[in-house]
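> Coordinates for the following, if possible.
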Amino acid sequence: MRGKSKYKKRELVPDEKFKSQLVTEFINKVLRYGKKETASKIVYNSLEIASQKIKKPPMEVFEAAMRNASPEVEVRSKRIGGATYQVPVEVASYRKIDLVLRWLINSCRIRHGKKMENLLADEIISMYNNEGNIIKKRNDVHRMAEANKAFAHFARF
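Residues are numbered from 1 along each chain as shown. Model (predicted):
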């Protein structure tokens, strides 16, 4: 039988500018090919652009956008008696952040024609306003969990 994981999530060092672990995690997700300085410039510029357009502090905008886009429930596959069910489960707080950041960066990477910082800023603004691709993705996840609510009793097994 599978047991609980022994892995302990390590503490991230807060970033220099905003003193936030959330921004550090965002920088680490944007990071490619070990170029952390480039990733941090992209993130800081995107947060500045978003805050200038909304006319609120960057961290306030970013945290509100993250809150708006984070899913409350998701479905997990569970095999019971030869059948596989999509069982709705509550999303842990660290996973909410991870999912939203992953959705945000993937939606920006598939789009072309603008700088990455402008794409990120546009997506953060749309998340702040409860619209856009990431909000649609969150609603799809919620809809899937709602549709499979009949299998929720399998979650405790």
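
> Tell me how far the residue positioned nearest the centre of the chain lies from residue 43.
Central residue of the chain (Cα atoms, centre = their mean): residue 100, 1.1 Å from the mean position. Using Cβ to Cβ, to the nearest Å, residue 100 is found at 14 Å from residue 43. C-beta coordinates here come from the backbone N, C-alpha and C atoms, glycine included.

> List the buried residues of stretch 143-152.
145, 148, 151 (16 or more other Cβ atoms under 10 Å).

> now stretch 80-96
85, 87, 88, 91, 96.

> Show residues contacting the longest helix along the chain.
When the chain is parsed with DSSP state H, its longest helix is helix 36-54. Contacts with helix 36-54, where a contact means Cβ atoms under 8 Å, 6 or more residues apart in numbering, come from 15, 17-18, 23, 26-28, 30-32, 57-62, 65, 116-121, 124-125, 128.

> From those, list just the buried residues.
Applying 16+ other Cβ under 10 Å to those flags 15, 18, 23, 26-27, 30-31, 58-59, 61-62, 65, 116-121, 124-125, 128 as buried.

> could you show me where the helices are in this protein, in order?
Using DSSP H, helices in the chain cover 21-30, 36-54, 58-69, 93-109, 116-128, 133-147.

> Residue 8: which of these is closest?
Residue 8 lies closest to helix 93-109 among the helices of the chain, at 11.8 Å (Cβ to Cβ).

> Buried residues, that closest one. List them.
Buried, per 16+ other Cβ under 10 Å, within helix 93-109: 96, 97, 99, 100, 101, 103, 104, 105, 107, 108.

> check contacts around the residue in the chain sticking out farthest from the centre.
Distance from the centre of the chain peaks at residue 81, with 33.5 Å (Cα atoms, centre = their mean). By Cβ under 8 Å, 6+ apart, no residues touch residue 81.

> Roughly how far does it sit from residue 154?
10 Å.

> Next, format the helices of the chain as TSV and append distance to residue 75 and mean pLDDT.
Output for the helices of the chain, formatted as TSV (distance: least, Cβ to Cβ, whole Å; pLDDT from 0 to 100):
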stretch	distance to residue 75	mean pLDDT
helix 21-30	23	96
helix 36-54	31	96
helix 58-69	18	96
helix 93-109	13	95
helix 116-128	22	96
helix 133-147	5	95
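
> Out of the ones you listed, the one nearest residue 9 is which?
Closest among the helices of the chain, using Cβ to Cβ: helix 93-109, at 6.5 Å.
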